[in-house]
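# mind folding the following:
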Amino acid sequence: MQSITIENSLYVGSQNARFFLNDAVRLQLSDGTSISGIISNLNNFIVVVEDETGTETSIYIGDIVGCTSEVLKKK
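This is a model prediction of the structure:
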């Protein structure tokens with residue numbers, strides 16, 4: 001199963017976080033913004049997050065500075 005490990009996560013007591021396809025996440029980006037949604041696609045360089053409206057956003061892995069799990073349900 002595809003997964004991605006993000007360093008310096010926002011998890012308390014954890015340096016890294018591992019996420020899988022269809023996980024609900026909130027990603028903190030290097031420009032100070034954050035995005036929440038379901039991981040709909042990922043590879044070594046890009047994470048695609050689908051928000052609750054169905055809009056997909058592609059994020060370069062290097063732009064992610066932190067992350068947490070979100071409690072969201074896929075519609």
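# in the top strand by length along the chain, what's buried?
Secondary structure assigned by DSSP state E gives strand 34-42 as the longest strand of the chain. Buried residues in strand 34-42, counted by 16 or more other CB atoms under 10 Å: 34-35, 37-40, 42. In short, each C-beta sits where N, CA and C put it, glycine included.
# what about the chain, any weak spots by pLDDT?
1, 7-15, 71-75 (pLDDT under 70).
# tell me which stretches of it form helices.
In the chain, no helices are defined using DSSP state H.
# which residues of it fall in strands?
Taking DSSP E as the test, the strands found in the chain are 3-7, 16-20, 24-29, 34-42, 46-50, 56-60, 64-69.
# and the angle from the third one to strand 16-20?
When you say that, I think you mean strand 24-29. 130 degrees (axes from the mean of the first three to the mean of the last three CA atoms, to 10 degrees).
# do the same with the longest one
Using the same axes, to 10 degrees, the inter-axis angle of strand 34-42 relative to strand 16-20 is 50 degrees.
# quickly run through the sheet partners of strand 34-42, with directions.
In the sheet, strand 34-42 lines up against strand 24-29 (antiparallel), strand 46-50 (antiparallel) (DSSP bridges).
# put the alpha carbons of that strand into CSV.
Coordinates of the C-alpha atoms in strand 34-42 are reproduced here as CSV (Å, rounded to 0.1, in the frame of the first residue of the first chain):
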residue,chain,number,x,y,z
SER,A,34,-2.8,24.7,6.0
ILE,A,35,-5.0,22.3,4.1
SER,A,36,-7.3,19.6,5.3
GLY,A,37,-8.8,16.7,3.5
ILE,A,38,-8.4,13.1,2.4
ILE,A,39,-5.2,11.9,0.6
SER,A,40,-6.6,10.9,-2.8
ASN,A,41,-3.2,10.3,-4.5
LEU,A,42,0.5,10.3,-3.5
